[in-house]
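Asks: everything below, folded, please.
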Amino acid sequence: MASSNRKVLVVDDDPNVLDAYEEILVATNDDEADRLMELLTADLSISNRESNTTIEGAKDDFEMVKAASAEEAIELFTEANAADAPFSTVFMDIRMPPGMDGVECSARLLEIDPTVFVVVVSAYADYSLSDINNHLGRDYIYLKKPFIPEELIQVAEFFSLQWNKNRVLKQRITALELELDQCKKEGSPQ
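Replies: Now for the predicted structure:
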């Protein structure tokens, strides 16, 4: 099986949060990143050292693209799909004033590419899970901020692998359908 699609779009209006995602998913290491990790995991029962150990233990880095607004996310997402370089996963903040919110943006991204996996991430309860279900169906995961870096890595890993499995399965189904059509043509009288 081919390698997984490790291309991730992260959408958040807070540049510190975007940098923290980068620290977790792309595994850059410096003092500023440690400070961001402390901010991101504030109020959790894990230490910064425990988080860094998990992050450093991640086998491969992700290719991460940042967007500071829903509108920018839609533009980047559309360009990636047009270039046949789609994202496997989107981590989407809900609250991003003054523009479109993350739930509406996620619904638009799923219209563009229904194969993408969406992770809705928020510190606020702007939407209930029922409201999000009404907008996105059940094709998303919800993570509450502050999140644990291990959760983020696990979700990104799982979705990148699942995206690839889905693509391979779709290619196999298409090939089998073509084979079946060919067999029908060869078996029918001319």
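
Asks: all strands for this protein, in order.
Replies: Ranges of strands within the chain are 7-11, 63-67, 89-93, 117-122, 140-144, based on DSSP state E.

Asks: Ala70 and Glu104 touch, don't they?
Replies: Yes: Ala70 lies in contact with Glu104 (Cβ atoms under 8 Å); the separation is 6.9 Å. C-beta coordinates here come from the backbone N, C-alpha and C atoms, glycine included.

Asks: out of these two, which sits in the more crowded spot?
Replies: Remark: of Ala70 and Glu104, Ala70 carries more neighbours, 23 against 14, as counted by other Cβ atoms under 10 Å.

Asks: any idea how far the more buried one lies from Ile24?
Replies: 22 Å (Cβ to Cβ, to the nearest Å).

Asks: one more: Ala156?
Replies: Counting by Cβ to Cβ, the gap from Ala156 to Ile24 is 9 Å.

Asks: who has more neighbours, these two?
Replies: Ile24 (30 against 24).

Asks: could you check how far the closest residue to the more buried one other than its chain neighbours is from Ala20?
Replies: Nearest non-adjacent residue to Ile24, counting by Cβ to Cβ, 6 or more residues apart in numbering: Pro149, 4.7 Å away. Per Cβ to Cβ, Pro149 is found 9 Å from Ala20.

Asks: again, but for Ile94
Replies: As defined by Cβ to Cβ, Ile94 lies at a distance of 17 Å from Ala20.

Asks: between the longest helix that the chain contains and strand 7-11, how many degrees?
Replies: Criterion DSSP state H: the longest helix present in the chain is helix 149-187. When axes from the mean of the first three to the mean of the last three Cα atoms, to 10 degrees is applied, the directions of helix 149-187 and strand 7-11 differ by 130 degrees.

Asks: can you list the weak-confidence ranges in this protein?
Replies: For the chain, applying pLDDT under 70 flags the ranges 1-3, 27-60, 188-190.

Asks: circling back: the more surrounded of Ile94 and Ala20?
Replies: Set Ile94 next to Ala20 and count neighbours by other Cβ under 10 Å: Ala20 wins out with 26 against 23.

Asks: how far away is that one from Val10?
Replies: Distance, Ala20 to Val10, by Cβ to Cβ: 10 Å.

Asks: do the same with Arg108
Replies: 17 Å.

Asks: neighbour count: the two, which is higher?
Replies: Val10 (28 against 15).

Asks: in contact with the more buried one, which residues are there?
Replies: If you count contacts by Cβ atoms under 8 Å, 6 or more residues apart in numbering, Val10 has them with 18, 21-22, 25, 64-67, 90-91.

Asks: ok, it to Tyr21 distance?
Replies: The gap separating Val10 from Tyr21 is 5 Å, by Cβ to Cβ.
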